[in-house]
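Colleague: Sequence unavailable; structure follows:
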């Protein structure tokens, strides 16, 4: 019985809990925008049926479920690698079995898929698509830097759409995907992961980013649902300023010395913490720019769930 708390703590560590608030903040942003910006006839009818309280709860379960699925599956499939390079991880350290990690991944997946049904059939299909992209990333994509990094951005982009597949705006998805892809690329380089990033990989990441950005824009335009002309044409300005400010803040905080080869691995950990908190900040800025101030404060409050802890422990 004395070992039970340690096992639970090790299982919790598999889920990467510090990342969950950032995932939740994205879906909450989309739910708040659906209620506060979109005309009732355009948004997902399921949102009106369940009300914003249940919609926020359901979207949080979907975000955390998919996050747990991705993190636990990654650790389960990486067990052999971790035994050689990260022996303190729960599985190679013997605190959690590989089977338990896979079981935890399935619990997260089933929770996300089960709740997504309440948002409608298209939402469930999008959740399945995100889950499929997560499997692809873990099984094959991450072994090719350009493919893996872009796949991470795609997973987040698809997940954002789950609560409201009929969304009438593209900017929040575009900036979030850009943030994730850029942050994942820089972290990959700082951590010195293998295979190494090469100029060809860099061009591949740029091409993949442009391709999926265009796909999102075309889908919104073709469906004729872009509401930027309805007084929200400059709503992107606040989050863009926040993103630029975040870049400057990270550079000033870490400093040029953080890029020294011997310091890069530690820098990668600190940078990851800042990038996670920055994503929450950008999501809150979207809501504030759209005039949804209290909603923005709710999302901003998630920063204190993850940001303070991860920066301290980095």
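Modeller: Good, I have the coordinates. This structure is a prediction, so every number in the text was calculated from the model and none was measured.

Colleague: what does stretch 83-100 contact?
Modeller: 6-7, 10-11, 13-14, 75-76, 79, 82, 101 (C-beta atoms under 8 Å, 6 or more residues apart in numbering). Every residue, glycine included, has its C-beta placed from N, CA and C.

Colleague: okay, those residues in JSON lines with pLDDT next?
Modeller: Converted to JSON lines, the contacts of stretch 83-100 look like this (pLDDT from 0 to 100):
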{"residue": "6", "pLDDT": "68"}
{"residue": "7", "pLDDT": "69"}
{"residue": "10", "pLDDT": "74"}
{"residue": "11", "pLDDT": "76"}
{"residue": "13", "pLDDT": "79"}
{"residue": "14", "pLDDT": "81"}
{"residue": "75", "pLDDT": "91"}
{"residue": "76", "pLDDT": "91"}
{"residue": "79", "pLDDT": "81"}
{"residue": "82", "pLDDT": "76"}
{"residue": "101", "pLDDT": "93"}
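
Colleague: JSON lines please, covering those and showing secondary structure and neighbour count.
Modeller: Converted to JSON lines, the contacts of stretch 83-100 look like this (DSSP: H, G, I helix; E, B strand; the rest coil; neighbours: other C-beta atoms under 10 Å):
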{"residue": "6", "secondary structure": "helix", "neighbour count": "12"}
{"residue": "7", "secondary structure": "helix", "neighbour count": "14"}
{"residue": "10", "secondary structure": "helix", "neighbour count": "19"}
{"residue": "11", "secondary structure": "helix", "neighbour count": "18"}
{"residue": "13", "secondary structure": "helix", "neighbour count": "15"}
{"residue": "14", "secondary structure": "helix", "neighbour count": "23"}
{"residue": "75", "secondary structure": "helix", "neighbour count": "26"}
{"residue": "76", "secondary structure": "helix", "neighbour count": "21"}
{"residue": "79", "secondary structure": "helix", "neighbour count": "16"}
{"residue": "82", "secondary structure": "helix", "neighbour count": "17"}
{"residue": "101", "secondary structure": "helix", "neighbour count": "25"}
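
Colleague: Now render the residues you listed as CSV, adding distance to residue 296.
Modeller: Output for those, formatted as CSV (distance: C-beta to C-beta, whole Å):
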residue, distance to residue 296
6, 39
7, 39
10, 36
11, 33
13, 31
14, 32
75, 34
76, 37
79, 41
82, 39
101, 36
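
Colleague: nearest to residue 263, of those residues?
Modeller: Checking the contacts of stretch 83-100 against residue 263 with C-beta to C-beta, the nearest one is residue 82 at 23.0 Å.

Colleague: about what we covered before: go through the contacts of stretch 83-100 and say which is closest to residue 269.
Modeller: Nearest member of those to residue 269, counting by C-beta to C-beta, is residue 13, at 14.8 Å.

Colleague: Skipping adjacent residues, who's closest to that closest one in space?
Modeller: Of all residues not flanking residue 13 in the chain, residue 90 sits nearest, at 5.5 Å (C-beta to C-beta, 6 or more residues apart in numbering).

Colleague: can you check residue 163 too?
Modeller: In space, residue 163 is closest to residue 59, 4.7 Å off (C-beta to C-beta, 6+ apart).

Colleague: Contact partners for that neighbour?
Modeller: Residue 59 neighbours (C-beta under 8 Å, 6+ apart): 24, 27-28, 30-31, 162-163.

Colleague: Now with 7 Å, please.
Modeller: Applying C-beta atoms under 7 Å, 6 or more residues apart in numbering to residue 59 gives the contacts 27-28, 31, 163.

Colleague: Of those, which is the most crowded?
Modeller: Sorting those by how many neighbours each has (other C-beta atoms under 10 Å) puts residue 163 first, at 31 neighbours.

Colleague: okay, the contacts of residue 59 in CSV with secondary structure, distance to residue 146 and pLDDT next?
Modeller: What follows is these, written out as CSV (DSSP: H, G, I helix; E, B strand; the rest coil; distance: C-beta to C-beta, whole Å; pLDDT from 0 to 100):
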residue, secondary structure, distance to residue 146, pLDDT
27, helix, 27, 98
28, helix, 31, 97
31, helix, 32, 96
163, coil, 30, 96
